[in-house]
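Peer 1: got a sequence here, can you build the structure:
(one chain, ligands or ions: 1)
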Amino acid sequence: MAKPRLSTSYPDERGYFGPYGGRFVAETLMGPIEELERAYRKAQKSRQFRRELEQLLKDYCGRPTPLYHARRLSEELGGAQIYLKREDLLHTGAHKINNALGQALLTRRMGKPRVIAETGAGQHGVATATAAALLGLECVVYMGTEDMERQRLNVYRMRLLGAEVVGVDSGSRTLKDAINEALRDWVTNVETTHYILGSVLGPHPFPAMVRDFHSVIGEEARRQLREQTGRWEPDVAIACVGGGSNSIGLFRAFLDSRKVRLIGVEAGGSGGGLGEHAARFEGGSLGVLQGTRTLVLQDQAGQVAPTASVSAGLDYPAIGPEHVFLYERGRIEFTSADDARAVEAFHRLAHTEGILPALETAHAIAEVLELAPRLGRKQIVLVNLSGRGDKDVESVMAWDRRHGEQAAEDQEDPS
Ligand SMILES: *Cc1c(COP(=O)(O)O)cnc(C)c1O
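Peer 2: Purely as a prediction, here's the structure:
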């Protein structure tokens, strides 16, 4: 019997990737989730839906995004040829619009006039507010008040786009709490409202649906690589992993090509202790969080642990269930980069290629800096440049100031 294809055989009908995933929600949410699944299945088969999405991704968002051979960086590192998939050049500055637009179109098909979303750094909120403005949908975005303070510019950006931003003051006042609040809104307003979830998380069908909307990244990259190098596949593909949407979007096109190494990079934060990072593969354990069974950073009593990272977009205690499945199948490797390495990679890409990557993306670049010198010059490393770094300039400035002062003090006082 032929082995099932990893790219298309999962999840199963109940939404499981092996033992991971599923649908762990309150009874009141079963109705809307089943409705969503039916609507999505129908939309997938609809030529009109696919054509409209394709057209908007092209004319409105700027797809296909370029595949760019980073010659100077490749030369400097003295190893593999590095190719960057430029999702940072999409409208709103990151891959997130691929999914937000797909789900917004689906909302209209379901005849619902209102969307809600959660957001951490604000990127998914901005993408959702943008898609809602484009399609004339009412939009409410839930955001932890802690995050609202850290990301004031994105809050105002969402308001400019016509969205209402609702601050969430419970728990750690961050992303996890915003998701809880969005789920609560959804239960109350299912008749009129669709919840546009921002990554490959949550109950089935979200992990599969969000993955599908991002698969365009890897499909394009494959074709572009062929045009530019004559090869269909890189030797290695690398992406940063928060919930896991940009990574699976790139990796999916190569899942069935066992020769391609796939590497996901998590946030190593400031240290290895629980609470200091967001590396689920280094300290996570099996649990259920926000509708899905997956790896979760939690203490021994099952209390979800706080997380930390210089990049808000990687700062979440759980990871998409499909990633855990693919890791156990030996298909994706995971590593992490800590804050210092990510910021260093941010500077390196800025200097050598004139590109400011998002701090999330900088984690993937940090892994490239390690790996590429150890590979041959004919080998190809494909990196998902998931977003642009304009939003992070202030964070990097603060980091540099802090660490510049530290370095100066160390010099004055070598004891
Ligand atoms: C949100 C975000 C991420 C992390 O989310 P994934 O679902 O893991 O892709 C990574 N990069 C950028 C630029 C983001 O905005």
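
Peer 1: what sits against the residue in the stretch 251-400 of the chain that the ligand sits nearest to?
Peer 2: Closest contact between the stretch 251-400 of the chain and the ligand, by Cβ to the nearest ligand atom, is at residue 387 (2.3 Å). Placement of C-beta: from N, CA and C, glycine included. Residues near residue 387 by Cβ atoms under 8 Å, 6 or more residues apart in numbering: 87-88, 93-96, 123, 313, 357-358, 360-361.

Peer 1: just put those residues in a markdown table and tack on distance to residue 282 and pLDDT.
Peer 2: Converted to a markdown table, the contacts of residue 387 look like this (distance: Cβ to Cβ, whole Å; pLDDT from 0 to 100):
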| residue | distance to residue 282 | pLDDT |
| --- | --- | --- |
| 87 | 26 | 98 |
| 88 | 27 | 98 |
| 93 | 29 | 97 |
| 94 | 25 | 97 |
| 95 | 25 | 98 |
| 96 | 26 | 98 |
| 123 | 25 | 94 |
| 313 | 19 | 90 |
| 357 | 23 | 98 |
| 358 | 22 | 97 |
| 360 | 18 | 97 |
| 361 | 20 | 98 |
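
Peer 1: from those, which two are the most distant?
Peer 2: 96 and 357 (15.0 Å; Cβ to Cβ).

Peer 1: what about the closest residue to residue 314 other than its chain neighbours, is that helix, strand or coil?
Peer 2: Nearest residue to residue 314, sequence neighbours excluded (Cβ to Cβ, 6 or more residues apart in numbering): residue 267, at 3.8 Å. Under DSSP: H, G, I helix; E, B strand; the rest coil, residue 267 falls in the strand class.

Peer 1: how close does residue 267 sit to residue 239?
Peer 2: Between residue 267 and residue 239 the distance, using Cβ to Cβ, to the nearest Å, works out to 13 Å.

Peer 1: wait, does stretch 242-262 contact the ligand?
Peer 2: Yes: contact between stretch 242-262 and the ligand, assessed by Cβ under 6 Å from any ligand atom, occurs at 242-247.

Peer 1: can you turn the buried part of those into a PyMOL selection?
Peer 2: With 16 or more other Cβ atoms under 10 Å as the criterion, this PyMOL line picks the buried residues out of the residues of stretch 242-262 next to the ligand:
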select buried, resi 242+243+244+245+246+247
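
Peer 1: distance to residue 295, secondary structure and pLDDT added to the residues of stretch 242-262 next to the ligand, as a markdown table?
Peer 2: What follows is these, written out as a markdown table (distance: Cβ to Cβ, whole Å; DSSP: H, G, I helix; E, B strand; the rest coil; pLDDT from 0 to 100):
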| residue | distance to residue 295 | secondary structure | pLDDT |
| --- | --- | --- | --- |
| 242 | 13 | coil | 97 |
| 243 | 12 | coil | 97 |
| 244 | 11 | coil | 98 |
| 245 | 16 | helix | 98 |
| 246 | 18 | helix | 98 |
| 247 | 14 | helix | 98 |
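
Peer 1: quick check: closest non-adjacent residue to the residue of the stretch 251-400 of the chain closest to the ligand.
Peer 2: residue 94 (3.2 Å).

Peer 1: just residue 312 next, same as before
Peer 2: Looking at residue 312 with Cβ to Cβ, 6+ apart, the closest residue is residue 121, at 3.4 Å.

Peer 1: so that neighbour sits right up against residue 148, yeah?
Peer 2: No: using Cβ atoms under 8 Å, residue 121 makes no contact with residue 148, being 10.8 Å away.

Peer 1: neighbour count: these two, which is higher?
Peer 2: In this view residue 121 and residue 148 are compared by other Cβ atoms under 10 Å, and residue 121 has more residues nearby, 27 against 19.
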